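[1] Task: produce atomic coordinates for the following.
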Amino acid sequence: MRTSTGLVFLAVAAVACSKRAEKIAADQPAPSVAPAPIPKTPRVIASGQDHPWGVFVDDRFVWWTNKGQGSGVVARRAKSGGAIEQMATAKAPFAIATFGPHVFWSDARALGGGIGHRLESLPIGVDAECGIKIVEPWSIAVAGGRLFWTDLKERVVASAPLLTSPPPAGPAAPFDCHAHLVHARTAGRPVGLAVDASHVFWTDSDPGVVASAPIAGGAVSELYKGGDKTTGIAVDATHVYWSEWGSGRIAKVPKSGGAAVVLASDQKGARAIALDSSHVYFTHPPTGSIRSVAKSGGAVRVHGTGQKHPYSVAVDASSIYWANVDGDTVMAVDK
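    Prediction:
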């Protein structure tokens, strides 16, 4: 049986231990909290443009399209600086992509659409040659030896093989339009387009679908259905990422199919997206901002504000690029 003296001793010892623990804790440095990233200052790539819309970056240049008011242009500027080069004129150029010495753009014109092309000093317009009916081309991509495009009016996702050396009497552009392939006929508007080595991926905005099909042809797979205006799309080695401008979700799903994961929400109005190894970057026209979220999800970071309807976005190892459709500038900001 414990005596009252023993109980007092235990109580004193407990108090001493508690005070010693408090001192040890006080002597430890406070856990470090990573400060919020300080937004970088955007820089102007080009000013005085006429409704710049699509933007694309390769190793040397920043490329963009000026939608204009019935008379557009395709332009570029070296990443290292220098003069702006006007590469071609078009009716209403939108998306743009380069491949080796070639630059392609979609041209949604009032009297039918087309795919524009320029090789070296020769600009070429390709309309409905070789039996391809192109009415309102929107997104384009070059991969796997093929040129891919979506057509909003025809509601198709299509491609044609690139030619390494077009015959003199052959097609006007370096792709074999006789051998074009329709990968899918969509229920709504195929807005976004992305390609990897084996598949083509797209967003079908009206039914809210993210889908894919083999480049060589084959069955369409619906990877996700039920979104609210699925729009931008991009792929990496394992996943497909997209934006929903209706719901404001930024999400991903495995390429092989499975459960979709929401990376960010409350981004209503989000449009185009682009990827690097760790983040999804997207434009947010309602707030005039450029934003990103980690591929694993988490807090949304704002990279630039005060922009005038930024739509298309592109990234390289160090910077984010976009075009201000309702302004006159093509912009960039360090990551």
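
[2] residue ranges with poor pLDDT in the stretch 51-200 of the chain?
    70, 109-132, 165-174 (pLDDT under 70).

[3] try 80
    Counting by pLDDT under 80, the low-confidence segments of the stretch 51-200 of the chain come to 69-71, 100-102, 108-134, 163-178.

[4] Would you map the strands across it?
    52-57, 61-66, 72-78, 85-90, 93-99, 102-107, 114-119, 122-126, 137-143, 146-151, 156-161, 181-185, 190-195, 199-204 (DSSP state E, counting those that start in this stretch).

[5] I'd like the distance from the first one to the chain centre, please.
    Distance of strand 52-57 from the chain centroid (C-alpha atoms, centre = their mean, to the nearest Å) equals 11 Å.

[6] Mind listing the strands that strand pairs with, and their directions?
    Each strand that pairs with strand 52-57, with its direction, by DSSP bridges: strand 61-66 (antiparallel).

[7] same check, this time on the fifth one
    Paired neighbours of strand 93-99 in the sheet (DSSP bridges): strand 102-107 (antiparallel).

[8] could you give the angle of the partner strand to strand 85-90?
    On the basis of axes from the mean of the first three to the mean of the last three C-alpha atoms, to 10 degrees, strand 102-107 is oriented at 40 degrees to strand 85-90.

[9] Convert strand 102-107 to PDB, retaining C-alpha atoms only.
    Output of strand 102-107 as PDB, limited to C-alpha atoms (Å, rounded to 0.1, in the frame of the first residue of the first chain):
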ATOM      1  CA  HIS A 102       7.500  23.000 -91.100                       C
ATOM      2  CA  VAL A 103       4.900  25.100 -89.300                       C
ATOM      3  CA  PHE A 104       1.200  24.300 -89.500                       C
ATOM      4  CA  TRP A 105      -1.800  26.200 -88.300                       C
ATOM      5  CA  SER A 106      -5.600  25.700 -88.400                       C
ATOM      6  CA  ASP A 107      -7.500  28.400 -90.300                       C
END
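
[10] Could you pull up the residues touching A299?
    V293 (C-beta atoms under 8 Å, 6 or more residues apart in numbering). Yep, even glycine has a C-beta here, placed from its N, CA and C like the rest.

[11] just the one 3 residues further on next, same as before
    By C-beta under 8 Å, 6+ apart, V302 lies in contact with 39, 289-291.

[12] Return the member of these nearest to D58.
    Comparing the contacts of V302 against D58 with C-beta to C-beta places I290 closest, at 20.0 Å.

[13] partners of that closest one in the sheet?
    Counting by DSSP bridges, I290 forms beta bridges with T283, G304.

[14] pLDDT score assigned to it?
    Here the pLDDT value assigned to I290 is 97.

[15] Surely it touches A323?
    No. Counting by C-beta atoms under 8 Å, I290 sits too far from A323 to count as a contact (11.1 Å).

[16] So which of these two has more stuff around it?
    The residue with more neighbours, out of I290 and A323, is A323; 33 against 25, by other C-beta atoms under 10 Å.

[17] For the more buried one, list each beta-bridge partner.
    If you apply DSSP bridges, the partners that A323 bridges to are V330.

[18] tell me the contacts of it?
    Counting by C-beta under 8 Å, 6+ apart, A323 has contacts 49, 52-55, 64-65, 310-312, 329-331.

[19] Apply 10 Å and report the result again.
    Contacts for A323 were tallied using C-beta atoms under 10 Å, 6 or more residues apart in numbering; they are 45-46, 49, 51-55, 62, 64-67, 96, 272, 283, 307-314, 329-331.

[20] Return the members of these classed as buried.
    Neighbour-count burial (16 or more other C-beta atoms under 10 Å) is assigned, among the contacts of A323, to 45-46, 49, 51-55, 62, 64-67, 96, 272, 283, 307, 309-314, 329-331.

[21] Quick check: P285 vs G269, distance?
    6 Å (C-beta to C-beta, to the nearest Å).

[22] any residues in contact with both of those two?
    With C-beta under 10 Å, 6+ apart, P285 and G269 have common neighbours W245.

[23] which of those two has more neighbours?
    Neighbour tally, P285 and G269, criterion other C-beta under 10 Å: the higher count belongs to P285, 19 against 16.

[24] how near is the nearest residue to the more buried one once chain neighbours are set aside to V325?
    In space, and not counting its chain neighbours, P285 is closest to H309: 4.7 Å by C-beta to C-beta, 6 or more residues apart in numbering. According to C-beta to C-beta, H309 stands 4 Å off from V325.
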